[in-house]
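Below: sequence and its predicted model.
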Amino acid sequence: MRGVGQESEPSSARRSFTAEDVADAFQRATGDQLRIDTYPATVSGDQDAARLGFDGPVPVAGGRVRNQPAPPQLLAKYGTFSIFVTRDPKKAKLSSFRSPDEAGRFWVKGVPERGASAGRTVWSVHKIYGANVRLSWSSDDEGRTLDERWHRLDNALSQLDEQSEGG
């Protein structure tokens, strides 16, 4: 089996999924239910992009929206992440990043301007599942470190690739 997300396997050979497919597979694998938020073109340039996670926008009085954080027990279990599902598989590709590592992961280094990590170097890791699903996860460490939270997410989403292969 080739590593998912690697360019050696053309995206046309992998199955596309809906946000509902991803949420269902995640719940079957983990017992936890993701929320699905649909965004306009601001997320990936795809009008039909969806973001899945445990946090997200909720409407409040006056037509405004505020961000509802993930419940602490789920944040402890999975860490900070987002799953993006795009209608167009080309929009999920990570070709603008450097080459993936041996497991099909793309690493991005950044220094946030706001939030708990403001001013310090943080790494995020991204991986493609199927043709159009991208996981983005941020490490709490200042290095390229994966822990059981990443592996829990990766194992759950790898179920999608097994579905793509007919398994």
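Great, that's in hand. Numbers count the residues shown, from 1 in each chain.

after the worst-scoring helix or strand of the chain on mean pLDDT, next one along is what?
In the chain, the helix or strand scored least confidently by mean pLDDT, DSSP states H and E is helix 89-92, which has a mean of 72. The C-terminal neighbour of helix 89-92 among helices and strands, as given by DSSP states H and E, is strand 105-110.

For that next one, buried residues please.
Across strand 105-110, burial judged by 16 or more other Cβ atoms under 10 Å covers Arg105, Phe106. C-beta: built from backbone N, CA, C; applies to glycine.

repeat for stretch 52-64
For stretch 52-64, by 16+ other Cβ under 10 Å, it's Leu52, Gly53, Phe54, Asp55, Gly56.

what sits against the last one?
Yep, that's Gly56 we're talking about. Neighbour list for Gly56: Arg35, Asp37, Asn67, Gln68 [criterion: Cβ atoms under 8 Å, 6 or more residues apart in numbering].

beta partners of the closest residue to the last one other than its chain neighbours?
Right, Gln68. Of all residues not flanking Gln68 in the chain, Val58 sits nearest, at 4.7 Å (Cβ to Cβ, 6 or more residues apart in numbering). Counting by DSSP bridges, Val58 is bridged to Arg66.
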